[in-house]
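Q: What follows is a predicted structure for the sequence shown.
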Amino acid sequence: DQQVKQNSPSLSVQEGRISILNCDYTNSMFDYFLWYKKYPAEGPTFLISISSIKDKNEDGRFTVFLNKSAKHLSLHIVPSQPGDSAVYFCAASHFGNEKLTFGTGTRLTIIP
Amino acid sequence: SQTIHQWPATLVQPVGSPLSLECTVEGTSNPNLYWYRQAAGRGLQLLFYSVGIGQISSEVPQNLSASRPQDRQFILSSKKLLLSDSGFYLCAWNRGTASYEQYFGPGTRLTVT
């Protein structure tokens, strides 16, 4: 059972425009959500996170939005840059759980 | 600052051979440690995690095993590799209680031939 879903395996965006990556979850116990960025042959790097007590969190060009009623979160990257081309994973967890549940990833390609 | 090391970076092994991948963390104590596998075109699959020395939880039944002989050392092993064990193996750590963010090592590319 895939509890965290990223339904778009790939996304192409023009440089300078907004990239929007989506993630859906099914487990209502999840109360903390994270986004990771991964380049080929490297380990994922932590980007940004959000707690379920918030609906938005910003860090520079990256903003994560959480819609708890829809069990949906999104990562916005503005403006998109060529170095943003990577695979993005969303992940979720809940209080008392030492584990993260990851989605299958979305490959973002920024077109110069 | 904390750093996480994995070795080797790449490995090519024949079917039926043993495996030992090592992960060490520096700059922290009593971390939670994790082993993940990313198969080609797939997401991150949690294989094992450990909250302390000698404490290993297995997520997926398979021919792999894990051990934590020291506080900041995590080892992934197999007695006999299968073709399906090929993939990109990642070690990660976090601070444990009330800390969700995990920090990943550079990974090991394993090809079983």
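A: Received the coordinates, thanks. Numbers count the residues shown, from 1 in each chain, chains lettered A, B, ... in the order given.
Q: Which residue, other than its chain neighbours, is closest to the residue in chain B that chain A sits nearest to?
A: Chain A sits closest to residue B:104 of chain B, with a gap of 3.3 Å, by C-beta to the nearest C-beta. No exception for glycine: its C-beta is placed from N, CA and C like everyone else's. Distance criterion C-beta to C-beta, 6 or more residues apart in numbering or on different chains; nearest residue to residue B:104, sequence neighbours excluded, is residue A:43 at 3.3 Å.
Q: Next, count neighbours for the one you found.
A: A count of nearby residues for residue A:43, using other C-beta atoms under 10 Å in any protein chain shown, gives 21.
Q: Determine the three-state secondary structure at residue B:84.
A: Using DSSP: H, G, I helix; E, B strand; the rest coil, the structure places residue B:84 in helix.
Q: Look up which residues are beta-bridged to residue 46.
A: With no chain named, the answer covers chain A. When assigned by DSSP bridges, residue A:46 has beta-bridge partners residue A:36.
Q: um, chain B though
A: According to DSSP bridges, beta-bridge pairing links residue B:46 with residue B:36.
Q: for it, what are its contacts?
A: Listed by C-beta atoms under 8 Å, 6 or more residues apart in numbering or on different chains, the contact set of residue B:46 reads A:99, A:100, A:102, B:34, B:35, B:36, B:59, B:60.
Q: nearest to residue B:50, of those?
A: Residue B:50 lies nearest to residue B:34 out of these, by C-beta to C-beta, at 7.8 Å.
Q: Quick check: which element contains that closest one?
A: In this structure, residue B:34 sits in strand B:32-38 according to DSSP states H and E.
Q: And for residue A:25, the neighbour number?
A: 22.
Q: thought it was touching residue A:67?
A: No - contact between residue A:25 and residue A:67 fails when scored by C-beta atoms under 8 Å: they sit 10.7 Å apart.
Q: which residues are common contacts for the two?
A: residue A:73.
Q: mind checking pLDDT for the residue nearest to residue B:104?
A: pLDDT, residue A:43: 94.
Q: That one falls within a strand, correct?
A: No - counting by three-state DSSP, residue A:43 is not part of a strand but coil.
Q: Return the residues in contact with it.
A: Per C-beta under 8 Å, 6+ apart, neighbours of residue A:43: B:90, B:92, B:104, B:105, B:106, B:107.
Q: for it, phi and psi?
A: Dihedral pair for residue A:43: phi -80, psi 150, per degrees, to the nearest 10.
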